[in-house]
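Participant: when you get a sec, could you give me coordinates for this:
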Amino acid sequence: QVQLVESGGGLVQAGASLRLSCTDSGRTFDSRAMGWFRQAPGKEREFVASISWSGVTIDYADSVTGRFTISRDNAQNTVYLRMNSLKPEDTAVYYCAASASHYGLGSRGPGDYNYWGQGTQVTVSS
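Facilitator: A predicted model of the protein is given here:
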């Protein structure tokens, strides 16, 4: 069973950095692509980044390219999102998600992910 728990959110000033972590207590983490999504108040959930099961294939939303870095440690069942140069428009609840399929490359579509964490709040003040 996949169970995802995010951590690392918080309140920071614009320009600061944060690192989000998402740990899976299950036994299939190393075969699943992982994604990070975010949802701001009054807006739909949007794709942020994804990483394939092997860590080789990575994708970012245009809005975070060059500022955010996704990575994974399969030995620790953990996926990370390093966020640099944070902006007020990055304020949102951030969710990690595990793919429904195994050995995939990752996807921008939330429907391709079966398992979601509870979310962690990131607030960036100006």
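Participant: what's the distance between the residue lying farthest from the centre of the chain and Ala14?
Facilitator: In the chain, Ser126 marks the outermost C-alpha relative to the chain mean, sitting 23.0 Å out by CA atoms, centre = their mean. From Ser126 over to Ala14 the distance is 5 Å, taken as CB to CB, to the nearest Å. All C-beta atoms are positioned from the backbone trio N, CA, C, and that covers glycine.
Participant: so what sits against both of the two?
Facilitator: Residues touching both Ser126 and Ala14 comprise Pro88, with contact defined as CB atoms under 8 Å, 6 or more residues apart in numbering.
Participant: now the residue farthest from the centre of the chain, nearest residue through space, not along the chain?
Facilitator: Leaving aside its sequence neighbours, Ser126 sits nearest to Pro88 (CB to CB, 6 or more residues apart in numbering; 4.8 Å).
Participant: the one you found against Ala14, yeah?
Facilitator: Yes - with contacts defined as CB atoms under 8 Å, Pro88 counts as touching Ala14 at a distance of 6.0 Å.
Participant: give me the element Gly15 is part of.
Facilitator: Of the helices and strands defined by DSSP states H and E, none includes Gly15.
Participant: per-residue pLDDT, it?
Facilitator: Listed pLDDT for Gly15 reads 98.
Participant: I'd like to know how far the closest residue to it other than its chain neighbours sits from Asp30.
Facilitator: With sequence-adjacent residues excluded and distances taken as CB to CB, 6+ apart, Gly15 is closest to Ser85, at 6.1 Å. Remark: distance between Ser85 and Asp30 (CB to CB) = 31 Å.
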